[in-house]
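# Sequence first, then the predicted structure, then my questions.
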Amino acid sequence: MKKIWVILSSLLVLACAVSAFAGDGSFKRVKSQGALTIGLDDAFPPMGYRNDKGQLVGFDIDAAEEVGKRLGIKINWQPTAWDGVIHALNSKKFDCIWNGMTITEERKKEVAFTKPYKMDGQVAVVRFADKKLKKLTDLKGAKVGVQKGSSAVEAVKKLPAAPAEVREYEDNPKALLDLESNRLDTVIIDDATGRDFIAKRPGKFRILPGNITKEPFGVAFRKEDVELREAVQKTLDKMVKDGTMAKISKKWFGEDITNPKKWK
């Protein structure tokens, strides 16, 4: 009997080893389909949104299309409601989520992320000509605007100095309009969105140095699709190394914000 148990145990170990090296076939599946289907909210400038011609454009769009080109596969974009996007991924409605998704411990329980490809977070936008505001501590006693229900509401509580007043707005454009009209001293806003506003209104606004919060962006995959995630990660690593990600970043943000050395 003892001999039989030894043989069975050996077979079980061998089976596990074979399984570990067999791969999950996820990248082969996408290659055979000829396309990687990506879920996104197509109203998130400048990460992914529709331009005046209805074309899908943005930082994430350019980066993913380049990854697809290097892997020899087409990119299919699948617009979806952000609420429930992880459930849609795990229901196999698309292969991954590539849409400025913040990596959080809660989300990591349900999906597997690539390494961060951009460090986002909440920042303070001020008038370009307002020379008295040079750093976050200068916002002590300031009038601050935030979008109602956004991460900025909580970020205000993390400012190094307490503001005098916090006003909540229906959306960021209305808050920035009040900032431009001197009714606010600053607007706390998502870094990517703030930079997009600044790029479209050159000479009007600037961002104070430093993030109030840090929110790393990653591409999310189903946990079982290890080979697919690794194929995308290796390609992204090469794009960082050869300067392609920096080039895409400068196109959409005016500078390279994909360099991890600048995130500290």
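Structure's in. What do you need?
# Give me the most central residue, the protein.
What sits nearest the mean C-alpha location of the chain, by CA atoms, centre = their mean, is residue 100, with 2.3 Å.
# is it fair to say that one lies in a strand?
Yes. Residue 100: assigned to a strand according to DSSP: H, G, I helix; E, B strand; the rest coil.
# thought residue 150 was touching residue 193?
No. Residue 150 lies out of contact with residue 193 (CB atoms under 8 Å); the separation is 9.4 Å. C-beta here means a position set from N, CA and C on the backbone, and glycine is covered the same way.
# Between those two, which is the more surrounded one?
residue 193 (22 against 18; other CB atoms under 10 Å).
# contact partners of stretch 173-186?
With CB atoms under 8 Å, 6 or more residues apart in numbering as the test, stretch 173-186 has contacts from 124-127, 130, 133, 139, 142-147, 163, 167, 169, 187, 189, 197, 204-205, 208.
# Show me how to select, in ChimeraX, the buried members of these.
Here is the ChimeraX command that selects the buried residues among those (16 or more other CB atoms under 10 Å):
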select :124,125,126,127,133,139,142,143,144,145,146,147,163,169,187,189,197,205,208
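# Would you mind listing the buried residues in stretch 191-206?
191-198, 205-206.
# could I get those as CSV with pLDDT?
Listed next are the buried residues of stretch 191-206 as CSV, based on pLDDT from 0 to 100:
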residue, pLDDT
191, 88
192, 84
193, 85
194, 90
195, 84
196, 83
197, 85
198, 87
205, 95
206, 94
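# Taking those together, which two end up most distant?
192 and 206 (15.7 Å; CB to CB).
# what's the burial count for the closest residue to the residue nearest to the centre of the chain other than its chain neighbours?
Take residue 100 and drop its neighbours on the chain: the residue closest to it by CB to CB, 6 or more residues apart in numbering is residue 47, 3.8 Å away. The local packing of residue 47 (other CB under 10 Å) involves 25 other residues.
# Next: residue 242.
10.
# residue contacts, it?
Residue 242 neighbours (CB under 8 Å, 6+ apart): none.
# cool, residue 254 as well?
195, 199.
# same deal with residue 158?
Applying CB under 8 Å, 6+ apart to residue 158 gives the contacts 212-213.
# ditto for residue 77
37-38, 40, 42, 48, 56, 61.
# Make TSV out of those and add distance to residue 119, pLDDT and secondary structure.
Shown next, in TSV, are the contacts of residue 77 (distance: CB to CB, whole Å; pLDDT from 0 to 100; DSSP: H, G, I helix; E, B strand; the rest coil):
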residue	distance to residue 119	pLDDT	secondary structure
37	27	98	strand
38	21	98	strand
40	20	93	strand
42	23	88	coil
48	18	91	strand
56	24	97	strand
61	20	98	helix
